[in-house]
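**Q** Following is a predicted model, sequence given first.
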Amino acid sequence: MKNIIILCFATLLVLSKQDQEASKESVQYYQSLLKYFLKNSSKWEKPKDSRKFFKLKNEQDEAVNHGHYHFIIVGAGVAGSVLANRLTESGKFQVLLLEAGGPENDFTDVPGFAPYLARSDFNWGYKTIPQNNSCLDLEDPGYHGKDGPLSVEYVKYQPEVLKIFLEAAKQRGQNILDYNGQNQNGYSTFQSMTRNGKRCSANKAFIKPAMNRENLELLYRALGVKIFIRNKTAFRIEFIREGKKYRATASKEVIISGGTINSP
Ligand SMILES: *[C@@H]1O[C@H](CO)[C@@H](O)[C@H](O)[C@H]1NC(C)=O
Ligand SMILES: *[C@@H]1O[C@H](CO)[C@@H](O)[C@H](O)[C@H]1NC(C)=O
Ligand SMILES: *[C@@H]1O[C@H](CO)[C@@H](O)[C@H](O)[C@H]1NC(C)=O
């Protein structure tokens, strides 16, 4: 409990520091928001069956035709978001993007709360056995760009002790560096995937800027359940949304980006 309170306090500091005009009301708002979501997250139970969210009202009903597209993307996670943005850029292709989850909210905007989001309906709740061969590319001493749509920044809240800490490291002859750069051995301020202090998700970076394009249709709470294949080519998808079954057809590609476990 103590940790949670400290965490809340730290977050509030971050929020108010970054927006000097943060009113008392908005601090109170975030305080109760955090309290509510932390409490809700503590009650969360791992889902055992997706029918809790995607139950058909009538199993016998035929799938309703939802139309024809060039591309259908199943899953608006990181990969699906980037693809939806890029494929609608030229205006030449009609794209349907299906997302099983719902839209982001003010809580998902708060950085550093991923462990609580993991215990919420934003997460499928899968647990895998430990993997020996994952994330290996993180060990590559890679570089990164600076002007992409997905923003990474140094956290805004920089307490006095941070400066003292870094100064001490420098005096001991240690490198002060960008640990996502070529050389990763040294000291640094923490970097986070945020934009002006709020979480910068794939949704914010890639979907939001594309939302007003007429050739992109995004459906929330839509679960892809069947892929139709003809001549070794996927051409149709069936999905469940609001208790009903739908089908949509793609003349170019059906892209399955439903995550490591959900993608067949
Ligand atoms: C609170 O938790 C329950 C159970 O996990 C969930 O169904 C509900 O959507 C959550 N409320 C909000 C506002 O996220
Ligand atoms: C990982 O490696 C250990 C040791 O070689 C092995 O026992 C284990 O089964 C491996 N795990 C997986 C998921 O392959
Ligand atoms: C499937 O592919 C074969 C060989 O390319 C072709 O003759 C046939 O018309 C195709 N069938 C359909 C339904 O597209």
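**A** Everything's here; your move. Ligands and ions are numbered 1, 2, ... in the order given.
**Q** Distance check, the residue lying closest to S50 once chain neighbours are set aside against G243.
**A** Using Cβ to Cβ, 6 or more residues apart in numbering and skipping residues adjacent in sequence, the residue nearest S50 is L223, 6.4 Å away. Backbone N, C-alpha and C define where each C-beta goes, glycine included. From L223 across to G243, the span is 11 Å (Cβ to Cβ, to the nearest Å).
**Q** can you check G259 too?
**A** As for G259, its distance to G243 is 23 Å (criterion: Cβ to Cβ).
**Q** cool, and L33?
**A** Using Cβ to Cβ, L33 is found at 30 Å from G243.
**Q** More neighbours: these two, which one.
**A** Between L33 and G243, counted using other Cβ atoms under 10 Å, the more crowded position is L33 (15 against 11).
**Q** Put the alpha carbons of whichever strand or helix holds the more buried one into PDB.
**A** Taking DSSP states H and E as the definition, one finds L33 inside helix 24-42. Extracted as PDB, the C-alpha positions of helix 24-42 are listed here (Å, rounded to 0.1, in the frame of the first residue of the first chain):
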ATOM      1  CA  LYS A  24      -6.300  21.800  -8.200                       C
ATOM      2  CA  GLU A  25      -9.300  20.100  -9.900                       C
ATOM      3  CA  SER A  26      -7.100  18.200 -12.300                       C
ATOM      4  CA  VAL A  27      -4.900  17.000  -9.500                       C
ATOM      5  CA  GLN A  28      -7.900  15.800  -7.700                       C
ATOM      6  CA  TYR A  29      -9.200  14.200 -10.800                       C
ATOM      7  CA  TYR A  30      -6.000  12.200 -11.400                       C
ATOM      8  CA  GLN A  31      -5.900  11.300  -7.700                       C
ATOM      9  CA  SER A  32      -9.300   9.700  -7.800                       C
ATOM     10  CA  LEU A  33      -8.700   8.200 -11.200                       C
ATOM     11  CA  LEU A  34      -5.500   6.500 -10.000                       C
ATOM     12  CA  LYS A  35      -7.200   5.300  -6.800                       C
ATOM     13  CA  TYR A  36     -10.100   3.900  -8.800                       C
ATOM     14  CA  PHE A  37      -8.000   2.000 -11.300                       C
ATOM     15  CA  LEU A  38      -5.500   0.700  -8.800                       C
ATOM     16  CA  LYS A  39      -8.300  -0.700  -6.700                       C
ATOM     17  CA  ASN A  40     -10.000  -2.100  -9.800                       C
ATOM     18  CA  SER A  41      -6.800  -3.700 -10.900                       C
ATOM     19  CA  SER A  42      -6.400  -5.400  -7.500                       C
END
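**Q** Which residues are in contact with H144?
**A** By Cβ atoms under 8 Å, 6 or more residues apart in numbering, the contact set of H144 is V152, N180, G181.
**Q** That one falls within a strand, correct?
**A** No. Secondary structure assignment places H144 outside any strand; it is coil (DSSP: H, G, I helix; E, B strand; the rest coil).
**Q** Okay, it and R199: tell me how far apart.
**A** Here H144 is placed at a distance of 18 Å from R199 (Cβ to Cβ).
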